[in-house]
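[1] One predicted model, sequence on top.
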Amino acid sequence: MKQKLYLCVHASEFPAQALLRLRTEFAAEPVAVLEGRAPVETVCSLNSGARLKGVALGMTRHEAESIPGLRLLARSIETEAAARSVFLECAAHFSPRIEAANQGTDCACILDISGTERLFGPPEALAERVRAAFRSAGFRVSIAVSANFHAARIKAAASRGITVIPDQQEAGSLARLPLALLGLQPEHAETFALWGIRTLGELAALEEIDLVTRLGPQAGAMHDLARGALPHAFQPIEADFALKEFCDFETPVDRSESLLFVGARMIDCLAARASARALSLASLDVHMKMEGGRAYQRAIRPALPTTDRKFLLKLLQLEIAAHPPLAAVHSLSLTGQAGQSSKVQLGLFAPQTPEPSRLDVTIARLKAIAGEDRVGSPVLEDSHRPGSFHMESFAVAGKTESRAAESAQAHPRMALRRMRPPVPIRVQLRALAPIAFRDRGHSFQITAAYGPWRTSGCWWSTDGWNAEEWDVLAENGNGSSVACLLVRNCARNEWRLEALYD
Amino acid sequence: MTDGDEYIELHAASAFSFLDAASQPETLIERAAEIEMPALALADRNGLYGAARFHTTAKKCGVKAHIGAEIAVSSFANRLTPTSWLPHQCPAEPPRLLLLCATQAGYQNLCQLITRFKMREAIKAEGAATLDDLEEFSAGLICLSGGEEGPLAAALAHEGNSGARKLADRLTAIYGRGNLYIELQRHQQREEECRNQSLLSLASSLNLPVIATNGVRYATEKDREILDVLTSIRYHTELDRAGRLLAFNSARSLRTASEMSAIFRDIPEAIANTRIVSRRLDFTLNHLGYEFPRYPVAYGETMDSFLAQRVEEGVSKRYGSPAKRNLLAKARTQVEHELKLIAKLGFAGYFLIVWDLIRYCQQQGILVQGRGSAANSAVCYALEITAVDPVGMELLFERFLSENRGEWPDIDLDLPSGDQREQVIQYVYERYGQLGAAMTANVISYRGRSAAREVGEALGFDEEQLARLSGLVGHWEWRGENDTMARHFEQAGFDARHPRIACYLDLCMRMQDLPRHLGQHSGGMVICAGMLNRVVPIERASMPGRTVIQWDKEDCADLGLIKVDLLGLGMMAVLKDSIELIPRHYKKEIDLAALPEDQHVYETLRKADTVGMFQVESRAQMASIPHNAPVRFYDLVVQVAIIRPGPIVGKMMHPYMRRRQGKEEVTYPHPSLEPVLKRTLGVPLFQEQLLRMAMTVASFTGAEAEELRRAVGMRRSMQRMRDLEGRLRDGMTRNGIGPEAQDNIVQGISSFAMYGFPESHAASFALIAYASAYLKVHFLAAFTCGLLNNQPMGFYSPAVLIKDAQRHGLHVRPICVQHSEWLCALEEEPDRALSLRIGLHYVKGLRQSSAEALLAARSRCMAFANVDDLALQVPELNRKELVALARVGALNSLGEVEHRRDALWQVEQAGRPVGPLLRGAADARAATPRRMPLKQMTTEERLSADYAGTGLTTGPHPMAYHRAALRKQGILSARELEGCAGNSFVRVAGCVIARQRPGTAKGFVFLSLEDETGIANVILTPDVFEQNRLIVTRSRFLEIEGRLQNQDGVIHVKAQCMTPLDISSADIRSHDFY
């Protein structure tokens, strides 16, 4: 049987690397990446320039800002995900068998390079080529080659540059490395610390049977790991399942036609790949990198999974029309989520409903015209704010029986016709109560006023409200009368006609 | 205001409705006075928690305080919640009726009602009354139907008009027609108005009167914000997610009469009825009906005669010894005077009850000593309540009891903390019944950190942010000009200008001092003749077997409730342990009441060699005691009292010390004060002196002096102090005392506002201090053993106490499974010297039950052969516990164990039997000679393991291992500093054992550095501290360079620069005060 050989590519400080590979102009500067929610953000990754400046992981934004010349960037999970796929793509040029070995914020993958000698030369030469390829893709990586999967992984994580571990020399090569690289459970880490075992070599020097009798069967694996002798069942990533297409534009694109041209080809590929596995596309995530570092992200979710290229392209076109990118686009990626092909069994006597794909297109069109948050089902919010609601997408519910309807039947209520938008009015007051108002040239005398009904809230944010409502009966000059709801915004002292009572 | 406008708010809840309302009772009253409301009723949820403060403030402000409560009733349908189809989060709760006390009987019924349902719960809980409870305790109460939280609102919503009618009929039957009012509230909500219309028609059909209230939850509209935050806290959610749990608007403030009259313009009778009900509410807390229990005496005796006999017996015993016989006549005269006054004031029962407690303690062998002003009384001394001889020390009896005062005497008893104190508390319950005695409450209020954390949670900060934010608050006691919250935030990496942070800061400030929940006082017990539950509601405390009243000790004092403080004092437990150990190991008997005046002890005190001694061990005490140079007991009394914020802020400490050393002439603020201040060299140090000063210079009466004393002794006294200051100055002016002397006198008195110390109290403490010093000097092993077995207590950690004892020649032996007991114990060395064996309870992670199993097994088998034998004999020890023991070297004495790592290696196998698969291999290996693959621990590793596993080490001090290297660098040890000339430049290094930034030191920071030779004291100026803040607060070992100051043997290094030292990674904890 042919000798197995593994090559591990390890990129540390990946959040910083992922951002900097797209912004080469910052590469020479000290850069720290912040994560967390304002007002407390902390440094999660940094480059060597920042480390030299004294930046440390966990520093707050305020502390980091006090270091002169330091550039602060916000962490972008999307960028990292895209960078990871580039990372894997890069690795895939050298071997079809790749296994991911990410740890924490580091990105790593291990290539099965058994039998590649004829293609790429000896392991050292291959490692150099791999490193060069990654460097050109914008990654600074360390590489280790070993006949043992884990030895390559651990060595790459612990060292810089390229290391080729000669066959049977794994234990010696790993001996000086710290025990923390094994990623032990806290309980075992504490035991080894008490035993004074600090390096892999010290662990390897213990008798395996001594370890197993003390720490249980998993100690055997730890021991083998420390000696670089732990066998590994390679679990290659099957890249096809990613259903992701990514295009990095050489120059920023600002015309939607150009985007859609590329997008159409991407959809073709995605649909073809999905169809080949008897799958459909349940959703398409559209991700764009725009000038200024901003990200553009939308999701297209057809009602049922589909591989209809034209239909998906139409949805993409409508989505981009409804939400055009606010700046020129650096990169576009489409990520498909696989779903089972749509098959709807219609009942013989069920009423005919619109074809799901057409309904989707219609709703998408409506959203493009009216706005994303104005199409769907209104849902009441848990708030005292008058008239507060939000829209949720239409969803197929099990039963449409509404408790609201029941309630309405049990307690009939007066209907309120909301003015959208509310009409600004001028109000005449007496003893703080309204006695007359003018609406677009029409004057109304108030014959009865009930109120004020007061409501206020959200005082802790800029979104607060403080309003006074009056239910009034009013007459205009020609004798017709209306029952309406007048609202005063107390903060601005502005009156509006908010609704009419039917 | 016309009579028609006059409106009385009869439904106001204070922040004592815990998390359900947002203003202090005092604030509500002040607001009522501001809007000229003649009366106000307080009705907190299920309690009278705020009633005492409400009443006291109302008296001052001239507002009539009506007392009532909102009572949850579980028999009714749950209170109103939003309609089911609305998104809502309101959890189900019983509705609440408003009950107001019309008469004293009504008040007693309300107290009993609350006690009934609170005590029905098995643990501390909110509880709810039943209809049967309401029926039983209905007399003298006026019932209002409640607003949206009330049962009528719930009944209308759930069952409609018929249900509401049925409920109203039931309430009418319980409270009687004329005592039930249908309550109407108008908070500008449509649904509420709809309900009001139904209630109006209901009232009209049943011919019930209606009444307007505003269901007040806060004093002013702005305070609604606080209520919203409290609501979020109550429901464990964030403001952003609280939705409909929050207030609808800001209408539930205390509104003016004209506002309410305008709102209820259409129902004028609802306003008029508030005046009628207010007039009917006769009861105020002035007529509480409290009575202290009588002591049972034989037929033909009175309590006074019985007391006189007991006192006479005591006088003969106390003053019968030859040493005190000269005081006998004086003592008899004094007790006669005291007994006369006690008889006149009717306090004999109180003394007898305390005497009964003392007798119980004596019978049970429980060490007990009275403290506080009781030590001024010869009667207390004769009854063995106190141990200070007031006749010999010429203490002022009037400080304890005076005819004019109109207040019960206050006796505090110090007991050994722990089980014995609990035993005495349970005795009181047993003697006076579950409803005759209870602990006083301790109101837990929002203070710096708690406010910071809970407000942060409400504003949606995550856990990490919260830890950082709340960590900023209250850190370091002193607050200078630059020590603002905003600056702290900046230093911790936050932007104080961010709107959310600004809002957070504002809310934190406004939340300060609002009550959070009710705890129990550490030892105050109220005892009552008859039923205490008719005087104040009683509820369950969180501790099993304890009950607590709804008022704190200041409320009790304000309302004349008598309490006995049964306080746990760690040092009492140490003394008790020591006097048990001494006869056993030293073959000597010791009588704490008759310790000799020992110059060796005073010499030790003068050298400030006081680590572990009661009250005189702190850094500040050590720095001052050589100046004071005590040579007799009274010097120790002064020493105990002088290192207090009172004398320090009042700038009395330094003048006293200078005078004591003869460096300053003894003068008096005014010639008339010489008799008062002579004993303390013209410097006022004690409360008694302040009283006498006020009486002398300002012609204060006894009652006024008493008021002054109460004001200086209480936390909530700033306003009272200001009022009294005016009167004091007027009096002094009348007596011809100049402005400068007035300023001195007033400053002296004001300084005691925080922590004034009575002379008698200082004397009681000094007795314990002397006893601790005596035991430490003569019986070091027993005393140290007692100290280590009663931790945590005192100023120093066990690690420091052990190092100090070792420096004094005590041999301390490490923890060992073959020898250690659960607690530390004394052992006899071959040379008959005593050594101290550290107990197993210092092993972190070792359960007491496992240790007891180990001790039982050891007593069976005499000794464990090896690790396997230990694991076999004590199966209760789990692997983690075996590892914990091995780590700290407790298994080193077992056979086949060479060192700690060897033990660690063995226990991993001993705690884990070999499986069948490997058994053969293991057996084969067992036959071969044992190989130890692990290296022995290095010194550093042993130190780290000691501190991590026990928090202390019995081996050399970490600094000792580096002494040679340090010496080469010119770094001195603590002892070597003693030989250095003053003002010389020195370098010293050590382990930081204490960091202090006292409020009285204007930003100066004091560090204590320990090395193997002793403790070096370091002073940091505010500037040096600011420059080295991180180093000072985070480093475990420090090297300090600076000038040495030597003032009469008190040595300090005034730091100029400092460097963290990499001596050891051991987890040595510093005791930081902030």
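    That came through, no problem.
[2] how many other residues sit next to the residue in the stretch 351-500 of chain A that chain B sits nearest to?
    Sorted by distance to chain B under Cβ to the nearest Cβ, the residues of the stretch 351-500 of chain A start with A:Asp382, at 3.1 Å. No exception for glycine: its C-beta is placed from N, CA and C like everyone else's. Other residues near A:Asp382 come to 17 when the count uses other Cβ atoms under 10 Å in any protein chain shown.
[3] for the one 4 residues further on, same thing?
    The local packing of A:Pro386 (other Cβ under 10 Å) involves 14 other residues.
[4] Check B:Ser253 too.
    B:Ser253 has 22 nearby residues by other Cβ under 10 Å.
[5] Who are the contact partners of it?
    Each residue near B:Ser253 by Cβ atoms under 8 Å, 6 or more residues apart in numbering or on different chains is listed here: B:214, B:216-221, B:223-224.
[6] Now with 6 Å, please.
    Residues in contact with B:Ser253 (Cβ atoms under 6 Å, 6 or more residues apart in numbering or on different chains) are B:218, B:220-221.
[7] which of these tops the neighbour count?
    Going by other Cβ under 10 Å, B:Tyr218 tops the contacts of B:Ser253 with 27 neighbours.
[8] Now that residue: closest residue in space that isn't a chain neighbour?
    B:Ala22 (4.1 Å; Cβ to Cβ, 6 or more residues apart in numbering or on different chains).
[9] Correct me if wrong: that neighbour contacts B:Ala219.
    No. Using Cβ atoms under 6 Å, B:Ala22 is not in contact with B:Ala219; the gap is 8.2 Å.
[10] which regions of the stretch 1-150 of chain A lie under the pLDDT threshold?
    A:1-2, A:22-25, A:38-40, A:78, A:82, A:86 (pLDDT under 70).
[11] mind listing the helices for it?
    A:14-20, A:48-52, A:61-65, A:77-92, A:117-120, A:123-136, A:149-158 (DSSP state H, counting those that start in this stretch).
[12] could you redo those as JSON lines and give each row mean neighbour count and distance to chain B?
    Shown next, in JSON lines, are those (neighbours: other Cβ atoms under 10 Å in any protein chain shown; distance: least, Cβ to the nearest Cβ, whole Å):
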{"stretch": "helix A:14-20", "mean neighbour count": "25", "distance to chain B": "18"}
{"stretch": "helix A:48-52", "mean neighbour count": "16", "distance to chain B": "16"}
{"stretch": "helix A:61-65", "mean neighbour count": "19", "distance to chain B": "4"}
{"stretch": "helix A:77-92", "mean neighbour count": "19", "distance to chain B": "18"}
{"stretch": "helix A:117-120", "mean neighbour count": "12", "distance to chain B": "40"}
{"stretch": "helix A:123-136", "mean neighbour count": "17", "distance to chain B": "34"}
{"stretch": "helix A:149-158", "mean neighbour count": "25", "distance to chain B": "22"}
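[13] I'd like these as TSV, with distance to A:Leu318 appended.
    Formatted as TSV, these follow (distance: least, Cβ to Cβ, whole Å):
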stretch	distance to A:Leu318
helix A:14-20	31
helix A:48-52	43
helix A:61-65	39
helix A:77-92	22
helix A:117-120	46
helix A:123-136	38
helix A:149-158	46
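[14] Which one of the ones you listed lies nearest to B:Met119?
    helix A:61-65 (52.5 Å; Cβ to Cβ).
[15] quick revisit: tell me who's in contact with the residue nearest to B:Tyr218.
    B:15, B:218, B:223, B:226-227.
[16] quick one: what helix or strand has residue 261 in it?
    Since no chain was named, I'll use chain A. Under the criterion of DSSP states H and E, A:Phe261 resides in helix A:256-276.
[17] that's the wrong chain, I meant chain B
    helix B:257-263.
[18] outside of that helix, which residues touch it?
    B:5-7, B:186, B:271.
[19] helices or strands next to whichever helix or strand comes after it in the packing?
    Per DSSP H and E, the first helix or strand lying C-terminal to helix B:257-263 is helix B:268-280. When contacts are defined as 3 or more Cβ pairs under 6 Å, 6 or more residues apart in numbering or on different chains; DSSP states H and E, helix B:268-280 packs onto strand B:210-212.
[20] Next one: A:Val9 from chain B, what distance?
    33 Å (Cβ to the nearest Cβ, to the nearest Å).
[21] in the sheet, who's paired with that residue?
    A:Cys109, A:Ile143 (DSSP bridges).
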